[in-house]
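>>> sequence first, then the predicted structure, then my questions.
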There are 2 protein chains.
Amino acid sequence: MASFSLASLAVAIAVDGAYASEQVSEFKLANGLTVVVIPDHRAPVVTQMIWYKVGGADEPPGVSGIAHFLEHLMFKGTDKIPSGQFSKIVAKNGGEDNAFTNHDVTAYFQRVAKDRLPLVMSMEADRMVNLRLTEEDVATERDVILEERRSRVDNDPGSILQEQMMAALYENHPYGIPIIGWEHEIKALNREDALSYYKRFYAPNNAVLIVAGDVEPDGVKTLAEENFGKIKPNASLNGRVRPQEPEHFAPVKVTLEDPRAGRTTVQRFYLVPSYASAAPGEAEALDLLMRVAASGSISKLYKRLVIEDKTAASAGGWYSDSGLDSGRLGFYAIAAEKVSAEALEKAIDGVIENLRENGVTQAELDRARASYIAEFVYTSDSQSRMARQYGWRLATGMSVEDVEDWPERLKKVTVEDIRNVARKYLIDKNSVTGYLLPSPEITSSIGEKPAHAPGKGKS
Amino acid sequence: MASFSLASLAVAIAVDGAYASEQVSEFKLANGLTVVVIPDHRAPVVTQMIWYKVGGADEPPGVSGIAHFLEHLMFKGTDKIPSGQFSKIVAKNGGEDNAFTNHDVTAYFQRVAKDRLPLVMSMEADRMVNLRLTEEDVATERDVILEERRSRVDNDPGSILQEQMMAALYENHPYGIPIIGWEHEIKALNREDALSYYKRFYAPNNAVLIVAGDVEPDGVKTLAEENFGKIKPNASLNGRVRPQEPEHFAPVKVTLEDPRAGRTTVQRFYLVPSYASAAPGEAEALDLLMRVAASGSISKLYKRLVIEDKTAASAGGWYSDSGLDSGRLGFYAIAAEKVSAEALEKAIDGVIENLRENGVTQAELDRARASYIAEFVYTSDSQSRMARQYGWRLATGMSVEDVEDWPERLKKVTVEDIRNVARKYLIDKNSVTGYLLPSPEITSSIGEKPAHAPGKGKS
């Protein structure tokens, strides 16, 4: 119920027919609920996900954390479900459930035996509009979330640095505000905030229902009509209104000294488009660029810093591609012993400069693309991943076709395209660099603590 | 009509009786309008100012610049005043007028012969609620403001850097958003935005009227009742709701390279309390600290960097003390020839470290206090400054007494108080450092262009 970030979101597709024989189908109920059915008959199980097109970036000013807070509160009760029983009922029926909140989406899901789909769908439809919250529910859960923040952020210098870097990267857009919320604002969240947000954004015409598994579209449609069909749309829903980023003019550096930091770590974020916001082809090129540049131990970054120059103990990178309004590239390196942050940054800069100058080779591109394809096939084997990927894309304004066309678009990316996005987006003024430095008082213990592995920057 | 920052706001007081024989008086109309009368009979002139308790930090998300835009539009028409005639009528009557917008306040003022006070008061009361805007008014003025932004910000690397530093200093509070607005948001401002903001915030119960000059309280009261008394209060006014800053954990550096930059300049901002937000005595101590540390050529910063070490061509600092929610300390230095930004920053750091360690001496404190007192006496000679200072303080939640007690509070500050605030507030994690660097391509012309003098950081 509590996670608020997702692992990599590489779009999964039924590639090369292995699993593409059955079509993904999409339809809309009269009240605006989008329904996507992903048949998968290998086992008699079903994954239900409901995606609300709302997240941390849609919060009113000063009420940070309410999206995530409400996600927690959705596991309290309704008139039919006693407070705290939602997950217990799912578990008693042999299923499992969870939820997460991101800047752009809030999703709830259950995996159950196929004959329990009517049960979980009725429960999900019920809590879409019938949530009942007591002051006690709210007070208790607020303490849970404050503890979650303490353990996930405040006790982790890497998370603190990431929070500060995000705040620096986004001068105007609410992506700069942490999804879990600023502590002082979490403390002030109340029942009214939660219900006001709930009534504003939780409605069939602001949601996408994904049902993946041993089902047929017609059966799902009947069930969806029965359960969700009776819910009225929210007529006052008027899309997402978010402040967008201005042009950036100056690179930013954030330096966090913390006695709890393990080794010196350098991170670099660049503001780039996401799949949802990019010009045609650019997101695909960025995806492949980062695969070659920074993914795994055969990446350019890792080879140069860890294997050749030995300035880093580890290095990598990522493309946060799933945002509605923008994405991010990230590079990181954990310093080898006695290597300074400045030297490490210079080493990273060398690799980035080389990407701008020379892009990638055809062989590198081909290998990156092939490894993606291999992953798609693997991913398409996972019911929950398929559900998640369709859900995420549809909840951020893309279509089933956008998802399904993706391998074809990937195939069209050329080395020139990659060099072009490298030159266009790997530019200083759109970057934030983060230094995580062990405080002087514990310098002597460097190397004794496990190094912090920087996250994907999605939270 | 267009300025959106103010010069130093050192609170002016009638000190030592020179001008204190006549009491400043304050009263409130039934509709909530606060009125302050500052008698000054040296000449038959009057300064009228109306202060609205609203500014750039009260704008809805994504609508940056609307406070300042509305300030411009207030010079369009009403049913009684044809569009664009407001200032012309004032001028025809021998007066002058102006206005400005800050993050916390929006103020309009006229200076006229005393017999014209009824005229300008009727005009000011009229436009408090009767503004009429055409689409053409709005479109024209939007272009004016975009041009204002281009000339004031986009053509001035120092202003760009300041904007970026403010965005970095404020992670959550709208003080990080420029008062003039982000360009892409100014472009989208429309008539509806302006009128909605106007109706929400322009009301007698959200304003302070200051009348300074050759008047008596009773006469002003009668006039205010006649002109403003008939305006209904805004019953739905519910104060200012602004996101506040979270704890900061990491110092930030912003580096702007720009071919138009003159010399290398380093700036350092610290987040500190303002007069309105500080614990008792802290703002006074910060005021005196900065006076000693960075004001003028006898300051510690100037003496060390410019005279002794010769690392800087100029250096100074300021305390931005007037915010409703927080203030800022600023230090800057313009590099001497061939001095790098890093070396210059190190020199500034040396002075700041010394302030933290040693504070100021009794002699330095006494001299700073004496020079303030001298300025107060001087300031109290200026009708418009007196009006401005009472207006600003009252519009940010302080009282006439707070203003008048100030010299006494200043007198109580000790060297220990100053060292305490230096230690408490001159801390890295609450700071942002800005580098302004001439771009490589024009390095050869360094010294030929006039150096940029960093502003006071109030915009």
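Looks like it arrived, so ask away. For clarity, every value in this text was computed on a predicted model and none was experimentally measured.
>>> elements contacting the one helix or strand residue A:146 maps to?
If you go by DSSP states H and E, residue A:146 is part of helix A:135-149. Packing contacts for helix A:135-149, counted by 3 or more C-beta pairs under 8 Å, 6 or more residues apart in numbering or on different chains; DSSP states H and E, involve helix A:66-73, helix A:183-186, helix A:191-201. Where C-beta positions appear, they are placed from N, C-alpha and C, glycine not excepted.
>>> for the last one, buried residues please.
Of the residues in helix A:191-201, those buried by neighbour count under the rule 16 or more other C-beta atoms under 10 Å in any protein chain shown are A:191, A:193-195, A:197-198, A:200-201.
>>> could you do stretch A:43-55 as well?
For stretch A:43-55, by 16+ other C-beta under 10 Å, it's A:45-55.
>>> could I get the full set of strands for chain A?
Counting by DSSP state E, chain A has strands at residues A:25-28, A:34-39, A:45-52, A:96-101, A:106-113, A:207-213, A:252-258, A:265-272, A:312-320, A:327-335, A:431-438.
>>> which strands and helices sit next to the first one?
Right, the one you point to is strand A:25-28. strand A:34-39, helix A:217-227.
>>> 6 Å instead, please
Packing partners of strand A:25-28 (3 or more C-beta pairs under 6 Å, 6 or more residues apart in numbering or on different chains; DSSP states H and E): strand A:34-39.
>>> spell out which parts of the stretch 101-250 of chain A neighbour chain B.
Proximity of the stretch 101-250 of chain A to chain B, by C-beta under 6 Å from any C-beta of the partner chain, involves residues A:160, A:164, A:167-168, A:171-172, A:182, A:243, A:246, A:249-250.
>>> any chance of the residues you listed in a markdown table, plus neighbour count?
Formatted as a markdown table, these follow (neighbours: other C-beta atoms under 10 Å in any protein chain shown):
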| residue | neighbour count |
| --- | --- |
| A:160 | 21 |
| A:164 | 26 |
| A:167 | 27 |
| A:168 | 28 |
| A:171 | 25 |
| A:172 | 21 |
| A:182 | 23 |
| A:243 | 23 |
| A:246 | 20 |
| A:249 | 19 |
| A:250 | 26 |
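>>> take those and keep only those in helices.
Of these, the ones assigned to helices by DSSP state H are A:160, A:164, A:167-168.
>>> adding distance to residue A:256, write the residues you listed out as JSON lines.
Formatted as JSON lines, those follow (distance: C-beta to C-beta, whole Å):
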{"residue": "A:160", "distance to residue A:256": "6"}
{"residue": "A:164", "distance to residue A:256": "7"}
{"residue": "A:167", "distance to residue A:256": "12"}
{"residue": "A:168", "distance to residue A:256": "12"}
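>>> what about chain A, any weak spots by pLDDT?
For chain A, the stretches with pLDDT under 70 are A:1-21, A:440-459.
>>> can you give the domain ranges for chain A?
Listed domain ranges for chain A are A:25-227, A:252-445 (source: automatic domain parsing).
>>> turn those domains into JSON lines, columns for distance to residue B:279.
Converted to JSON lines, the domains of chain A look like this (distance: least, C-beta to C-beta, whole Å):
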{"stretch": "domain A:25-227", "distance to residue B:279": "17"}
{"stretch": "domain A:252-445", "distance to residue B:279": "27"}
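>>> nearest to residue B:289 among those would be which one?
Across the domains of chain A, residue B:289 has its closest neighbour in domain A:252-445 (24.7 Å, C-beta to C-beta).
>>> starting at the chain centroid, how far to that closest one?
Taking C-alpha atoms, centre = their mean, to the nearest Å, the mean C-alpha location of domain A:252-445 is offset from the chain mean by 15 Å.
>>> so is it next to chain B?
Yes. Under the criterion of C-beta under 6 Å from any C-beta, chain B is reached by domain A:252-445 at A:252-256.
>>> let me see the ranges of the helices in the stretch 251-400 of chain A.
Along the stretch 251-400 of chain A, counting by DSSP state H, counting those that start in this stretch, helices occupy A:282-294, A:300-302, A:341-358, A:362-380, A:383-395, A:400-411.
>>> tell me how far residue A:392 lies from chain B.
Distance of residue A:392 to chain B, computed by C-beta to the nearest C-beta, to the nearest Å: 24 Å.
>>> again with residue A:49
Counting by C-beta to the nearest C-beta, the gap from residue A:49 to chain B is 29 Å.
>>> does that residue touch residue A:109 like I think?
Yes. The pair residue A:49 / residue A:109 is scored as a contact, 4.0 Å apart, by C-beta atoms under 6 Å.
>>> out of the domains of chain A, which gets nearest to residue B:34?
Closest among these, once you apply C-beta to C-beta, is domain A:25-227, at 26.3 Å.
>>> ok now that closest one, how far from the chain's centre?
On C-alpha atoms, centre = their mean, the centre of domain A:25-227 falls 14 Å from that of its chain.
>>> can you give me the end-to-end distance of it?
End-to-end span of domain A:25-227 (C-alpha to C-alpha, to the nearest Å): 19 Å.
>>> same deal with stretch A:90-110?
Span of stretch A:90-110 from end to end, C-alpha to C-alpha: 8 Å.
>>> quick one: buried residues of it?
By 16+ other C-beta under 10 Å, the buried positions in stretch A:90-110 come out as A:90, A:95, A:97-110.
>>> let me see the contact set for residue A:62.
residue B:243 (C-beta atoms under 6 Å, 6 or more residues apart in numbering or on different chains).
>>> swap that for residue A:48, please
Applying C-beta under 6 Å, 6+ apart to residue A:48 gives the contacts A:110, A:120, A:211.
>>> relative to chain B, how far out is the second one?
Yep, that's residue A:120 we're talking about. Noted for residue A:120: a distance of 36 Å to chain B, by C-beta to the nearest C-beta.
>>> quick check: closest non-adjacent residue to that residue.
Distances taken as C-beta to C-beta, 6 or more residues apart in numbering or on different chains place residue A:110 nearest to residue A:120, at 4.5 Å, with adjacent residues excluded.
>>> hang on, the one you found packs against residue A:93?
No. Look at residue A:110 against residue A:93 with C-beta under 6 Å: they stay out of range, at 9.2 Å.
>>> I'd like to know how many residues surround residue A:355.
By the criterion of other C-beta atoms under 10 Å in any protein chain shown, residue A:355 has 24 neighbours.
>>> surely it meets residue A:421?
No. Residue A:355 is beyond contact range of residue A:421, at 9.7 Å (criterion: C-beta under 6 Å).
>>> ok, residue A:127 touching residue A:76?
No. Look at residue A:127 against residue A:76 with C-beta under 6 Å: they stay out of range, at 8.9 Å.
>>> many thanks, I have nothing further to ask.
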